[in-house]
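K.L.:
Predicted coordinates and the sequence they were generated for:
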Amino acid sequence: MIIVMERNATPENIKKVTTMLAEHGFKVIEHSGDIHTVIDALGDKTSLTPGRLAALEGVKEVKIIREPFRLASRDRKEEDTVITFPNGVKIGGNNKPVSIIGPCSVDEDLDGLLAVARAGKEMGCEFLRGGAFKPRTSPYEFQGLGEKALKYLQKAKEETGLLIVTELMDSTDLDLVCEYADVIQIGARNSQNFKLLQAVGRTNKPVILKRGPANTIREFLMSAEHIMYQGNENVILCERGIRTFDSTYTRNTMDIASIPVIKKYSHLPIIADPSHGTGQRYLIEPLSKAALIAGADGIMIEVHHDPENALSDGKQSLSIPMFKDIITRINTLTGRMHYEKTCLSANLD
Ligand code: PEP
Ligand code: MN
């Protein structure tokens, strides 16, 4: 439930509501807005009916949230969530979609990583991605360079100013990853690792949460809810394809429809990862464009300086020249879409 207080509600009125909620076992989150105080009440509403709360002095309205993902739901928050980084980059809302590029995993070749980062900067990307801790299907494959990779990413950030996205696989590495990352990535395989979600939920770092390969949209949003329930509302969803019966020509089935569906039911930003979504270089441009047209707030693409010798996901990684070529056309599209959106909102005002 959400309890919206009257604009002239007194601190005593608010206290009475929060006390009653707490007594009935609700978790209470209070937001003091410029006009109204709004209270999120998370718990079992059979123990305290909305009618009883509505009767209290100073209560303007009690709203029932229909979806099980209460904090992530659009019923709770109508306006889009926008995540703002210290350098001014924003994700979500009417902001220009962001580009996150970089290798699947960071390897020993620092110069190679720097070359990718420079290309990203030159082409107007905002984020450099790169795995230091890699979830691999096989224990015999490269598992990531750990802290050394984080240090390489930091070097690239120092030189280019690109913000860093890197995956966290285990909460024992949380402090280390937080030291270097601007955004923590929770990978598809850990999308329902609820303890890990809770751990990142207790930080205030932005989190890119990937959709689990077998997760419904509702399950995906419930994973976001686990992070938000711990207090971290800086969640960016990432559609990266799901596993279906058809993997004949693609690695996964890129569920573009999830983007507008999530926009309808949630206020959280969502980005798209066509590299993992399709596993095919030639599909990255059309699927990036499709995702952006469907409303994605950004794209994440794997780019490696030498894909043939990459230690993971080389087959789906773009080389630097391929990336520059494709991103030029994607930038034209996002520029045009952003221009139209801005004109439209200017006309509406
Ligand atoms: C990755 O981003 O390199 C990755 C492992 O992706 P996913 O978790 O979506 O498979
Ligand atoms: Mn990868």
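P.N.:
Looks like it arrived, so ask away. Ligands and ions are numbered 1, 2, ... in the order given.

K.L.:
Near ligand 2, which residues of the stretch 51-200 of the chain are found?
P.N.:
Proximity of the stretch 51-200 of the chain to ligand 2 (Cβ under 5 Å from the ion) is limited to residues residue 104. (Each C-beta comes from the backbone N, C-alpha and C, glycine too.)

K.L.:
so where do the helices sit in the stretch 51-200 of the chain?
P.N.:
In the stretch 51-200 of the chain, the segments counted as helices under DSSP state H, counting those that start in this stretch are 110-122, 147-160, 174-180, 194-201.

K.L.:
Figure out which of those helices is closest to residue 329.
P.N.:
Closest to residue 329 of the helices of the stretch 51-200 of the chain, according to Cβ to Cβ: helix 110-122, at 15.5 Å.

K.L.:
Residue 87: neighbouring residues, count only.
P.N.:
Here the count is done by other Cβ atoms under 10 Å, and residue 87 has 10 residues near it.

K.L.:
ugh, wrong one, I meant residue 60
P.N.:
Around residue 60 there are 15 residues (other Cβ under 10 Å).

K.L.:
cool, and the one 5 residues further on?
P.N.:
Neighbourhood size, residue 65 [other Cβ under 10 Å]: 19.

K.L.:
In the stretch 151-300 of the chain, what residue lies closest to ligand 1?
P.N.:
residue 187 (3.0 Å; Cβ to the nearest ligand atom).

K.L.:
Which residues are in contact with that residue?
P.N.:
Residue 187 makes contact with 135, 167, 169, 210, according to Cβ atoms under 8 Å, 6 or more residues apart in numbering.

K.L.:
Model confidence score at the closest residue to residue 212 other than its chain neighbours, please.
P.N.:
Among residues not flanking residue 212 along the chain, residue 191 sits closest, at 3.4 Å (Cβ to Cβ, 6 or more residues apart in numbering). pLDDT, residue 191: 98.

K.L.:
how far away is residue 191 from residue 319?
P.N.:
To residue 319, residue 191 is 29 Å away according to Cβ to Cβ, to the nearest Å.

K.L.:
Please identify which of those two sits among more neighbours.
P.N.:
Neighbour count, other Cβ under 10 Å: between residue 191 and residue 319, residue 191 has more, with 23 against 18.

K.L.:
So is the helix or strand harbouring residue 299 next to ligand 2?
P.N.:
Residue 299 belongs to strand 298-302 when assigned by DSSP states H and E. No - applying Cβ under 5 Å from the ion, one finds strand 298-302 separated from ligand 2 by no less than 5.6 Å.

K.L.:
Which one of the residues in the stretch 1-150 of the chain is closest to ligand 1?
P.N.:
residue 104 (4.4 Å).

K.L.:
mean confidence score for stretch 229-237?
P.N.:
Regarding stretch 229-237, the rounded mean pLDDT is 98.

K.L.:
Just the terminal-to-terminal distance for that stretch.
P.N.:
With Cα to Cα, to the nearest Å as the measure, stretch 229-237 spans 16 Å from end to end.

K.L.:
what do you get for stretch 75-82?
P.N.:
This stretch, stretch 75-82, spans 17 Å end to end (Cα to Cα).

K.L.:
Adjust the sequence numbering to begin at 40 for everything that follows.
P.N.:
Got it, first residue is 40 now, which makes that one stretch 114-121.

K.L.:
Go through that stretch and flag the buried ones.
P.N.:
114, 115, 116, 119, 120 (16 or more other Cβ atoms under 10 Å).

K.L.:
Verify the stated contact: residue 352 with residue 342.
P.N.:
No - in this structure, residue 352 is not within contact of residue 342 by Cβ atoms under 8 Å, at 10.8 Å.

K.L.:
neighbour count winner among these two?
P.N.:
Neighbours were tallied for residue 352 and for residue 342 using other Cβ under 10 Å; the higher tally belongs to residue 342 (30 against 19).

K.L.:
Quick check: residues of the stretch 240-388 of the chain near ligand 2?
P.N.:
Within the stretch 240-388 of the chain, the positions near ligand 2 by Cβ under 5 Å from the ion are residue 352.

K.L.:
In the stretch 240-388 of the chain, what residue comes closest to ligand 2?
P.N.:
The nearest approach of the stretch 240-388 of the chain to ligand 2 comes at residue 352, 3.7 Å away (Cβ to the ion).

K.L.:
how about that residue, what does it touch?
P.N.:
143, 144, 314, 315, 341.
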